[in-house]
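Visitor: structure for the following, please:
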Amino acid sequence: MLRSEIQAELEIAFTTAELSQEAILESIDSFLAQDDDWQPTEEYLREYAEEHPQQSPPGAKQLTSAAPYEVAAWREAWRGNYDEASSAAQRAAAALNHPTMNPYRAWWLPLAASWSVIADGPEAGRTVALSREADLATRRLPWRPPLNALSDDRRPSRDDALALRAGKATHPKARSLSWLRRSRPYTRM
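Guide: Coordinates of the predicted model:
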């Protein structure tokens, strides 16, 4: 959200934009001269700023507290530390505990589950718990990522997850992610 003073300036700009070219030029001249014609505008700007104090939108505190975990999650994923990436993504999701953050939280839970599959395998306790939590988090959303969309015979196995981690993916789904390990321009951030 913009500071109140800037929001007031924008209100003046939108109003001025509807004026004729001649009136706009007169307004600019009045501003530059800071003459008596400009003073009501200055008063309006002060009143607007006083009447419209800046307020953070709902969930802003949660977004702020989740940000360091989000950065850590992506950093660790790029480094190939999927265990740490999953843990950081879990912490980011936990920090997004305001109702307005539910859709964003539903973004982080499947990421945590996906990184857990790579780190621990699809049957690991953490992976199963995260997959369930991600599924529950997305059920009430108008959009829903395809969680557990693959049939059992098409899902990457624990061996595929370990192979991906080692850079030797064999499963078609796992191989499609192997480019990530080969194409990273940076190994350390």
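
Visitor: which residue ranges of this structure form helices?
Guide: Taking DSSP state H, the helices of the chain run over residues 4-17, 21-33, 39-51, 60-79, 82-95, 102-120, 125-138, 158-166, 172-183.

Visitor: what angle do the second one and helix 4-17 make?
Guide: In this case it means helix 21-33. Angle of helix 21-33 versus helix 4-17, following axes from the mean of the first three to the mean of the last three Cα atoms, to 10 degrees, is 150 degrees.

Visitor: residues of helix 21-33 that come out buried?
Guide: S27 (16 or more other Cβ atoms under 10 Å). All C-beta atoms are positioned from the backbone trio N, CA, C, and that covers glycine.

Visitor: what packs against it?
Guide: Applying 3 or more Cβ pairs under 8 Å, 6 or more residues apart in numbering; DSSP states H and E, one finds that helix 21-33 contacts helix 4-17.

Visitor: again with the fourth one
Guide: Helix 60-79 is packed against helix 82-95, helix 102-120, with contacts defined by 3+ Cβ pairs under 8 Å, 6+ apart.

Visitor: may I see the buried residues of the longest one?
Guide: So that's helix 102-120. Within helix 102-120, the residues scored as buried using 16+ other Cβ under 10 Å are 104-120.

Visitor: check R75 and give its pLDDT.
Guide: According to the prediction, R75 has pLDDT 96.

Visitor: and it, how close does it get to A49?
Guide: Using Cβ to Cβ, to the nearest Å, one gets 39 Å for the distance from R75 to A49.

Visitor: go on, K61?
Guide: In terms of Cβ to Cβ, K61 sits 23 Å off from A49.

Visitor: of these two, which one has the most company?
Guide: Between K61 and A49, counting by other Cβ atoms under 10 Å, A49 is the more crowded of the two (17 against 12).

Visitor: quick one: contacts for the more buried one?
Guide: Neighbour list for A49: S4, E5, Q7, A8 [criterion: Cβ atoms under 8 Å, 6 or more residues apart in numbering].

Visitor: Q55: which of those residues is nearest?
Guide: S4 (9.6 Å; Cβ to Cβ).

Visitor: surely that closest one is in contact with Y48?
Guide: Yes - with contact defined as Cβ atoms under 8 Å, S4 counts as touching Y48 (6.9 Å).

Visitor: if you drop the residues flanking it in sequence, what lies closest to the most centrally placed residue in the chain?
Guide: Nearest residue to the geometric centre of the chain (Cα atoms, centre = their mean): Y104, 6.7 Å. Closest residue to Y104 apart from its sequence neighbours, by Cβ to Cβ, 6 or more residues apart in numbering: L96 at 5.6 Å.
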